[in-house]
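Enquirer: dropping a prediction and its sequence here:
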Amino acid sequence: MISSLLILLEVMMRFTHPYLLLTLAMIFFSGNFIVGKAFADDVPPFTLAWARFFIGTLVLLPLCYKTIIRNRQLWLDKWLPLTAIAFFGVFLFNVALYVSVHYTTTINASIVDALTPAVAAVLGYFFLKERLTAIQSGGVILSFCGILLLLSGGSLAVIRSLSFNIGDLIMLAGIICWAIYSILIKLYGDDYPVIAGLVMTFIIGVLMLSPFVAYEWRHGLPFTFGLATSAAFLYVGIFPSALALLFWYRGVAAIGPSKASIFFNLVPVFTTVLAIALLGESAGWFQLFGGLIVLTGVYLSTIQPKTDKAPDRSKA
């Protein structure tokens, strides 16, 4: 049964246009924000993150378990970078995402998330000595101006008092973690088989999350288990964690990382549409205008000189 499903999935990816695969991946990533917000009062954040990667591991493991077994020594020899990748990309980022939507809208969270490549460019400049062109630097500055507009709600009083929404700030901390994750991937990612390395970070992330999940359950944090929460667990475990990443890698292989990375600008667009349609959220002028500024700045900040390689923005 499993082998038949894997064959069907492989055939589907092989004959589906890479642009459609990448668009589907962005829709699945957007759905992660929606589920996080919709179940914020029913499932604690560590539990939701744990369920996401536990199920994601089960889904992806049939694709790579032989590779994992063959590379036992590799995991032992290079456990430290792998653990750091899991810590920033699986553990910290996803907990920040699910905590942030307790306090802010999914629209805000997704727009802040769109700032990731600009933050990665800044960190790459300081830690990897990567050169930033004038256009990239202008894009980074423009992106941060857009985020400042979003965080302040268009109010100068908020900027003067620095009384920003805690949820937006938590999401901002999350994307800094993701930018660090991206740098680690750039430094050490080639040392590991792609899918097998991804699954190993999932496994490590699940182990990191487990003590916090036990704390949530022991101290009786709100947790309603039923058909709806089961469906939420299956969604975050299968779609943004497994299928979206498979579609992303196939899309990158077909059209290259530079073109593929542009598709991430669709995430706040899809998230906004879904949040309005499914959660009843509304978008104010500062969100729409701030989001447009952020996306424009992100686009400029990710324009690569022809000799440079575009950063990997694939979300765990």
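Expert: Okay, I see it.
Enquirer: please count neighbours and contacts with C-alpha atoms only from this point.
Expert: OK.
Enquirer: and the pLDDT at the nearest residue to Glu216 once chain neighbours are set aside?
Expert: Spatial nearest neighbour of Glu216, chain neighbours left out: Pro44 (7.0 Å); criterion: CA to CA, 6 or more residues apart in numbering. On pLDDT, Pro44 comes in at 93.
Enquirer: which helices and strands does the host helix or strand of Ile55 pack with?
Expert: Using DSSP states H and E, Ile55 falls within helix 45-70. The contact analysis (3 or more CA pairs under 8 Å, 6 or more residues apart in numbering; DSSP states H and E) places helix 45-70 against helix 93-100, helix 194-218, helix 227-238.
Enquirer: give me whichever of the ones you listed is most buried.
Expert: helix 93-100 (a mean of 26; mean count of other CA atoms under 10 Å).
Enquirer: report the angle between the following helix or strand past it and helix 93-100.
Expert: Helices and strands here follow DSSP H and E; after helix 93-100, the next one along the chain is helix 106-113. Angle of helix 106-113 versus helix 93-100, following axes from the mean of the first three to the mean of the last three CA atoms, to 10 degrees, is 150 degrees.
Enquirer: number of residues surrounding Leu76?
Expert: Leu76 has 10 neighbours, counted by other CA atoms under 10 Å.
Enquirer: look up how far Thr83 lies from it.
Expert: Distance, Leu76 to Thr83, using CA to CA, to the nearest Å: 11 Å.
Enquirer: which helix or which strand is home to the residue located most distally from the centre of the chain?
Expert: The C-alpha centroid of the chain is most remote from Ala157, which lies 31.6 Å away (CA atoms, centre = their mean). Following DSSP H and E, one finds Ala157 within helix 156-161.
Enquirer: report the buried residues of whichever helix or strand comes after that helix.
Expert: Next along the chain after helix 156-161, taking DSSP H and E as the criterion, comes helix 166-188. Buried residues in helix 166-188, counted by 16 or more other CA atoms under 10 Å: 166-185.
Enquirer: just stretch 247-254 next, same as before
Expert: 247-252.
Enquirer: okay, now the unreliable bits of the stretch 101-250 of the chain?
Expert: Counting by pLDDT under 70, the stretch 101-250 of the chain contains low-confidence ranges at 156, 159-163.
Enquirer: how close does Gly291 get to Ala179?
Expert: Distance, Gly291 to Ala179, by CA to CA: 19 Å.
Enquirer: just give me the neighbour total for the nearest residue to Asn94 once chain neighbours are set aside.
Expert: Counting by CA to CA, 6+ apart, Asn94 lies nearest to Ala49, which is 6.2 Å off, once chain neighbours are set aside. Neighbouring residues of Ala49 were enumerated by other CA under 10 Å; the total is 29.
Enquirer: show the model's pLDDT score for Ala49.
Expert: At Ala49, pLDDT is 97.
Enquirer: follow-up on the earlier one: so can I have a markdown table of the helices and strands packed on helix 45-70 showing distance to Ser261?
Expert: Shown next, in a markdown table, are these (distance: least, CA to CA, whole Å):
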| stretch | distance to Ser261 |
| --- | --- |
| helix 93-100 | 19 |
| helix 194-218 | 18 |
| helix 227-238 | 21 |
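Enquirer: of those, which approaches Ile141 most closely?
Expert: Ile141 lies closest, by CA to CA, to one member of the helices and strands packed on helix 45-70: helix 93-100, at 23.0 Å.
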